[in-house]
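A.B. asks: sequence unknown, structure follows:
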C-alpha cells in the first residue's frame, strides 16, 4: 500500500505519510491481530519515497521467512506455540484512538517534512508503531514505563548510529557487521539492563543502517524528540480515555446500586404483604379454633344436660314405683 500511495497519489509527503498511517491503522484493526508493525510496512516506503516494487517483494519475502522460522521453532519445541485468537478491539475505543492518533501525526508529519527533510525521522515508521501500541494497550510494560520507553529508544538509535558511524563509515567494515553488533547490544539492553522488550525500539536501531549518511550523527536526537512527543501524547490520551471509562463504570455501578436498592424495597414490600397475609391467616385459624372449642364445649354442655335430665327421669320413675 505504501508504494502504491507514492506512485499513484500525488500529494505532499506529509499528507502521504498521514494517509499511509491511517491506512495502516485500518488494516491493523480489521486484521484482528496484534501485529502493529504492519503499520510501519505501509508508512516506511512513503517516508523514504520508494517507488520500486522490490520493496514489496522484500517485505513479503522477509515476512514469509520469519513465519517459517517461527513454525520451525514451534515444531522443535524451542518456543511455545501460541494459539491463534482474534484480538478483541471495541469499535468505540478503536475509532476514538484512530481519530486521535491521526490528528496527532498530521501536524508532526507536516513539521518534519515540509521545512527540512533532514528531520523527517522524528516521525519514523517504528515510532508510529510504538505510538499505536502505547495508545492501544495501557496495560503493556512500555505503556506502564513511559520514561524507560523513551530511554530505550534513545539508546537503541544511538547504538545503531554509533555502530554504523564507527565500524562502517570510519573503519570501512561491512554494514552487516555493524548491524549484527548493534543488534547484540540491543538484546543486552532490553533483556539485561532495562528489562523492557519493545520491538519498535529495535527497529530504530536497524533503521540507522538505512538512513542517509549526512544525518547519522543527529539521528538519535530526532528519534528521542519524536518518541518523547508521541509518548507524552499517548500518556495524556490514556488518562482522558481512562477517566471516561471510569466515569462510565461509575455510572453503571450507580445504576446497579439503584436497581439493587429498588429490588430490596420491592422485596421488603413483598415481605410485608406476606407477613400480613400470614398474620391474617393465623387470626382466621385462631378464630376458627376458638369457634371449634366453643362448639365442643356447647356440645359437651348439652350432653351433660341430657344426662342430668335422664337421671332425674329415672329417679322419678323409681319413686313412683315405690
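C.D. replies: Nice, I can see it. On a predicted model such as this, the values are computed, not experimentally measured, just so you know. Numbering: from 1, shown residues only.

A.B. asks: which regions of the stretch 201-322 of the chain sit below the pLDDT cut-off?
C.D. replies: 242-322 (pLDDT under 70).

A.B. asks: Can you read off the pLDDT for the residue lying closest to residue 199 once chain neighbours are set aside?
C.D. replies: Closest residue to residue 199 apart from its sequence neighbours, by Cβ to Cβ, 6 or more residues apart in numbering: residue 37 at 6.8 Å. In short, each C-beta sits where N, CA and C put it, glycine included. Note on residue 37: pLDDT of 79.

A.B. asks: do you know how far residue 37 is from residue 217?
C.D. replies: 27 Å (Cβ to Cβ, to the nearest Å).

A.B. asks: In terms of packing, which of these two has more residues around it?
C.D. replies: residue 37 (18 against 12; other Cβ atoms under 10 Å).

A.B. asks: Isn't that one up against residue 129?
C.D. replies: Yes: the pair residue 37 and residue 129 passes the contact test of Cβ atoms under 8 Å, sitting 5.4 Å apart.

A.B. asks: joint contacts of these two?
C.D. replies: 199, 200, 203 (Cβ atoms under 8 Å, 6 or more residues apart in numbering).

A.B. asks: what's the span of stretch 1-13 from first residue to last?
C.D. replies: Distance across stretch 1-13, first residue to last, is 15 Å (Cα to Cα, to the nearest Å).

A.B. asks: Which residue is the nearest non-sequential neighbour of residue 70?
C.D. replies: Per Cβ to Cβ, 6+ apart, closest to residue 70 is residue 79, 7.5 Å.

A.B. asks: actually residue 52, not the one I wrote
C.D. replies: Leaving out its chain neighbours, the residue that sits closest to residue 52 by Cβ to Cβ, 6+ apart is residue 3, at 7.5 Å.

A.B. asks: Please, where are all the helices along the stretch 101-250 of the chain?
C.D. replies: 125-136, 141-144, 146-163, 175-187, 199-207, 219-321 (DSSP state H, counting those that start in this stretch).

A.B. asks: which residues touch the fifth one?
C.D. replies: Read it as helix 199-207. 37, 40, 121, 124-127, 129-130, 133, 149, 152-153, 156-157, 159-160, 179, 182-183, 185-186, 190, 223.

A.B. asks: By neighbour count, sort out the buried ones in the residues you listed.
C.D. replies: 37, 40, 121, 124-127, 129-130, 133, 149, 152-153, 156-157, 159-160, 179, 182-183, 185-186, 190, 223 (16 or more other Cβ atoms under 10 Å).

A.B. asks: List the contacts of residue 102.
C.D. replies: 18, 21, 22, 25.

A.B. asks: hmm, try it at 10 Å
C.D. replies: Residue 102 makes contacts with 18, 19, 21, 22, 25, as judged by Cβ atoms under 10 Å, 6 or more residues apart in numbering.

A.B. asks: Likewise for residue 123?
C.D. replies: With Cβ under 10 Å, 6+ apart, residue 123 has these contacts: 14, 17-18, 21, 43, 47, 105, 108-113, 131, 222, 225-226, 229-230.

A.B. asks: Kindly recompute the last result at 6 Å.
C.D. replies: 108, 109, 112, 226 (Cβ atoms under 6 Å, 6 or more residues apart in numbering).

A.B. asks: Adding neighbour count and distance to residue 241, write the residues you listed out as JSON lines.
C.D. replies: Shown next, in JSON lines, are these (neighbours: other Cβ atoms under 10 Å; distance: Cβ to Cβ, whole Å):
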{"residue": "108", "neighbour count": "22", "distance to residue 241": "20"}
{"residue": "109", "neighbour count": "27", "distance to residue 241": "23"}
{"residue": "112", "neighbour count": "25", "distance to residue 241": "26"}
{"residue": "226", "neighbour count": "26", "distance to residue 241": "22"}
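
A.B. asks: Closest one of those to residue 51?
C.D. replies: Within these, the smallest distance to residue 51 is 19.3 Å, found for residue 109 (Cβ to Cβ).

A.B. asks: Surely residue 45 and residue 4 touch.
C.D. replies: No: assessed by Cβ atoms under 6 Å, residue 45 is found out of contact with residue 4, at 9.1 Å.

A.B. asks: quick one, domains of the chain?
C.D. replies: 1-121, 124-248 (automatic domain parsing).

A.B. asks: These: lowest mean pLDDT?
C.D. replies: domain 1-121 (a mean of 83).
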